[in-house]
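1. The following comprises the amino acid sequence and a computationally predicted model.
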Amino acid sequence: MWIFTNSGFLSVVAHRDNKEVLLVRARRAGEIESIFPKAETFKMESADYHYRAEIKRDEVAQVMAEQIQNIEYDNFKSSVNDNKRHDAYMGVWSVMYAYQATMAG
């Protein structure tokens, strides 16, 4: 699952060896901690997502629910203050907008 917040982009997947935790991954340092401040992160430069944390499934679900409950913006893109993150998100938005156009009907 890809998760875009105004403070970070995460990829959350099942842990291959431990069903009780999820592997939370990020491309930039600090993005996991911006959403999961208590997470113990580690770096794997050989992986596509360099930054990772093993977080209990219940904690991921709770934090994501809190993120949703705390939404105050009425336009997600405008809530992203980091210019580089905003531009990256706009790239994704543009691709998905084009994808939507292919589904007309």
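-> That came in fine, so what should we check first?
2. Find me the pLDDT at the residue nearest the centre of the chain, would you?
-> The centroid of the chain falls nearest to Leu10 when counting by Cα atoms, centre = their mean (2.3 Å). Note for Leu10: predicted pLDDT of 98.
3. ok so it is a strand residue?
-> Yes. Under DSSP: H, G, I helix; E, B strand; the rest coil, Leu10 sits within a strand.
4. From Trp2, how far out is the closest residue to Ser79 other than its chain neighbours?
-> With Cβ to Cβ, 6 or more residues apart in numbering as the criterion, Ser79 has its nearest non-adjacent residue at 3.8 Å, and that residue is Tyr73. Every C-beta, even on glycine, is put in place using the N, C-alpha and C of the backbone. When distance is defined by Cβ to Cβ, to the nearest Å, Tyr73 is 19 Å away from Trp2.
5. Kindly report the same for Ser11.
-> Ser11 sits 6 Å away from Trp2, going by Cβ to Cβ.
6. now the residue lying closest to Asn18 once chain neighbours are set aside, which residues is it bridged with?
-> Among residues not flanking Asn18 along the chain, Glu54 sits closest, at 7.1 Å (Cβ to Cβ, 6+ apart). Taking DSSP bridges as the rule, Glu54 bridges to Leu23.
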